[in-house]
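Engineer: Fold the stuff below for me.
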Amino acid sequence: MHHDIEDLRRFYYQRALGRAVQRILRDRLTERWAPGLTTGMSVAGYGFAAPMLRPYLSKARRVTALMPGPQGVMAWPAGMANHSVLCDETAWPIDTGSLDRLVILHGLETSDHPDALLAEAWRVLGPGGRILIMVPNRAGLWAASDSTPFGFGRSYTAGQLEAQTRRAGFVSGWTGAAVYIPPSDRRFWLRTANMWERTGTRISRVLIAGVVLTELTKQVQGAVTAGSPVHVPNPIEVLGGIARPRPGRQEALRRMKKESAD
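Structural biologist: Next up, the predicted model:
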């Protein structure tokens, strides 16, 4: 089941609960990837990651919001040159190895081909590139509620997400959680959202988050050319320098004294 772009837009930009979630997730992202450190980098988001990408517009060399075809696309950001593009979920209009940072939000859990999607993410990231994935937490209230985008598609535990991304070749670097308030529009929860986030990060075993986050790295082994000669020193060559040792200074003086005495 795929999201509809209009539902996503209404939730994140018009609904107070959605704006609170947007702020929480964006803060968690910028804690990991400070915008000032992305100067000159290529940053992209897949699914509906556009709300997460705004802090990077002024620093990164290029920012792209990739939106899957079944979901639909919207122009983003408002009032600026468009940075969003409609794409197939397993064939992105991005050059191989050209991305430094990639965010996936509302993309993996609704994908028809999650393994192929992660393979495409692997393709577009450069060596050492990082990806941060945000998915509904299977144990949380948000995955059980269909009144928000996190109630659609597959939900994950942290272990399930790590196992699937490891199969794709990514190396896990950090796992976290976010959105500790319930999926409610009540003012009390919205006013105290920041307090619950701070509390949740300290006692996460008691409070169950609505979203699981994991940061991964693309690591590529150095290529070895087939047939490249490897020189292994021969012991005779190693000892070649001492095959004919020269006499030391003391030995030379001894020989000179002997010759003069003769």
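
Engineer: how about Pro136, secondary structure?
Structural biologist: strand (DSSP: H, G, I helix; E, B strand; the rest coil).

Engineer: dump the residue contacts of it.
Structural biologist: 109, 142-143, 150-151, 153, 155-156, 210-212 (C-beta atoms under 8 Å, 6 or more residues apart in numbering). Just so you know, the C-beta spots here come from the backbone N, C-alpha and C atoms, and that holds for glycine as well.

Engineer: any idea how far it lies from Ser184?
Structural biologist: 16 Å (C-beta to C-beta, to the nearest Å).

Engineer: Glu197 now?
Structural biologist: According to C-beta to C-beta, Glu197 and Ser184 sit 15 Å apart.

Engineer: Between these two, which is the more surrounded one?
Structural biologist: Counted by other C-beta atoms under 10 Å, Glu197 and Ser184 do not tie: Glu197 has more neighbours, with 21 against 13.

Engineer: thinking that one is in contact with Trp189, fair?
Structural biologist: No. Judged on C-beta atoms under 8 Å, Glu197 makes no contact with Trp189 at a distance of 11.5 Å.

Engineer: Quick check: neighbours shared by those two?
Structural biologist: Joint contacts of Glu197 and Trp189 (C-beta under 8 Å, 6+ apart) are Ile181.

Engineer: Could you report the distance from Gly169 to Pro127?
Structural biologist: Relative to Pro127, Gly169 is positioned 12 Å away (C-beta to C-beta).

Engineer: who touches both of the two?
Structural biologist: In contact with both Gly169 and Pro127: Lys218, using C-beta under 8 Å, 6+ apart.

Engineer: Compare those two (neighbour count), which wins?
Structural biologist: Shown here are Gly169 and Pro127; by other C-beta under 10 Å, Gly169 has more neighbours (14 against 11).

Engineer: can you tell me which residues contact the more buried one?
Structural biologist: The contact partners of Gly169, taken as C-beta under 8 Å, 6+ apart, are 122, 218.

Engineer: if we go to 7 Å?
Structural biologist: By C-beta atoms under 7 Å, 6 or more residues apart in numbering, the contact set of Gly169 is Trp122.

Engineer: what do you get for Thr214?
Structural biologist: Contacts of Thr214 by C-beta under 7 Å, 6+ apart are 133, 158, 161-162, 165, 172, 175.
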